[in-house]
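Peer 1: next one to model:
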Amino acid sequence: MLKTYFYTLGILISTLGLYPIDGYLTTKIARLVYVQKAVNSDKPYTRIPEGARLKLADIKLNLTDENNESLEGLLQKDEAFTKAIRHVIPSGNYSLTALDMTDPNNLKYAAYNENKGYQPGSVGKLVVLNAFFTELKKIYPNSWDKRTNLLREKRVASGIFGTGDHHTIPVYNIETEKLVKRKVVSSDVFSLYEWLDHMVSVSNNGAATVVFREAMLMNAFGKDYPNLTDDEGLEFFKTTARDSLTNLAHDVVNLPLRDLGISSDEWRLGGMFTHASSKYVGRKGGSQATPKGLMKFLVLLEQGKIVDADTSLEMKRLIYLTDRRIRYAQSPKLNDAAVYFKSGSYYKCDREKNPDCSDYEGNVFNYMNSVIIVEHPNGTKYMVCLMTNVLNHNSAWAHLDLANKIDDIINIKP
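Peer 2: A predicted model of the protein is given here:
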């Protein structure tokens, strides 16, 4: 008898929201108006904790004054710190890296199974974010203002690339003050900034594929991209050989990681996030990440070395969590902390083995991953990259419990 499977890619609960809530004027991301009104209303807005209410000006990079020591040199295990972290890791298929950067001149690094590869799921959308901003700088290498103006003003349609994801996006009408949450449809048109926000804030796979597509178009058309129409972009995909598009997609997202010193084994992305895109673009090489590869990325982000300092700061703003927290980030220990977060799941159920196999409880594989930057008001700052593959069990609460224990180790209160 053929086995039947339930298969879900890049699953992330769709109620997250990111980017500082006072960011509408600089980004024109419409949903920020809704959140800011809710926070500033006379009625208590308890959906988000205090740590989610930072302003744009409050968000800064933490390691920009570091010396030029290599990543490998910086990420040397502190034995005492590593021992303390390992002591609280549950048994099972867990891998983790942690970096205490409270004192930038005395970084403490801990690692457990840090080189083990996992399917990263939606954490891979950070790779697309990096690729997009890499291509954007090529168009306007000397002007951050021109880059952000393009993000605000250029509007692109979903087409088939954005369709097929059951996760919803928040669509807010500023004039009617109505917010609806719905799936992406092919006729949707949003600014580049809003597509980026939909990709990261609610981890929408369709939005991620649209952003991936635009990175490819920027690479192909260069300085002609700002005036490229939707029809011209689609014609490029229709008239270019599928093998060529697949190779282009692979290079656009993965070569920037190699330039950062992150190897293929440490992090790679195999393709787009929706099945509809496979009409034009295939997959290549598979997707994999390790906790050490993810930590390298976060360190480079805090150093201002992801593309450049302006880009690194903007990417950090995009992953600032300003809505209901989940999984690792849901730890009550982090309520007053600013949290920069990306999570993702990837699981598969064999219904022959277990007809009742549930969401996030895969019995074939059951990946759950999180990357997080935590900044407490008392000055304690640290980063954690957690990757797990625990079968038959929803690991969300185990991640939360581990977050509590790690915070107790690092955030020592007087």
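
Peer 1: now the residue nearest to Gly362 when sequence neighbours are not counted: which helix or strand?
Peer 2: Spatial nearest neighbour of Gly362, chain neighbours left out: Tyr347 (3.1 Å); criterion: CB to CB, 6 or more residues apart in numbering. Glycine gets a C-beta too; all of them are placed from N, C-alpha and C. Element membership of Tyr347, judged by DSSP states H and E, is strand 338-350.

Peer 1: chain center to that strand: distance?
Peer 2: Between the centre of strand 338-350 and the centre of its chain there are 10 Å (CA atoms, centre = their mean, to the nearest Å).

Peer 1: over to stretch 218-230?
Peer 2: 25 Å.

Peer 1: same deal with stretch 231-244?
Peer 2: That offset, for stretch 231-244, works out to 27 Å (CA atoms, centre = their mean).

Peer 1: which parts of the stretch 201-350 of the chain are helices?
Peer 2: Here the stretch 201-350 of the chain has its helices, by DSSP state H, counting those that start in this stretch, at 205-221, 230-239, 242-259, 291-303, 309-318.

Peer 1: and the longest one, what's buried?
Peer 2: It refers to helix 242-259. Going by neighbour count (16 or more other CB atoms under 10 Å), the buried part of helix 242-259 is 245-246, 248-250, 252-254, 256-257.

Peer 1: helices or strands next to it in the packing?
Peer 2: Under the contact criterion of 3 or more CB pairs under 8 Å, 6 or more residues apart in numbering; DSSP states H and E, helix 242-259 touches helix 125-139, helix 205-221, strand 267-268.

Peer 1: confirm Leu25 sits in a helix?
Peer 2: Yes: checked against DSSP: H, G, I helix; E, B strand; the rest coil, Leu25 lies within a helix.

Peer 1: pull the number of nearby residues for it.
Peer 2: A count of nearby residues for Leu25, using other CB atoms under 10 Å, gives 10.

Peer 1: including mean pLDDT, distance to Leu402 and mean neighbour count, could the helices and strands packed on helix 242-259 go into CSV?
Peer 2: Shown next, in CSV, are the helices and strands packed on helix 242-259 (pLDDT from 0 to 100; distance: least, CB to CB, whole Å; neighbours: other CB atoms under 10 Å):
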stretch, mean pLDDT, distance to Leu402, mean neighbour count
helix 125-139, 98, 21, 23
helix 205-221, 98, 27, 25
strand 267-268, 98, 22, 26
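
Peer 1: of the ones you listed, which is nearest Ser370?
Peer 2: In terms of CB to CB, the element of the helices and strands packed on helix 242-259 nearest to Ser370 is helix 125-139, at 11.8 Å.
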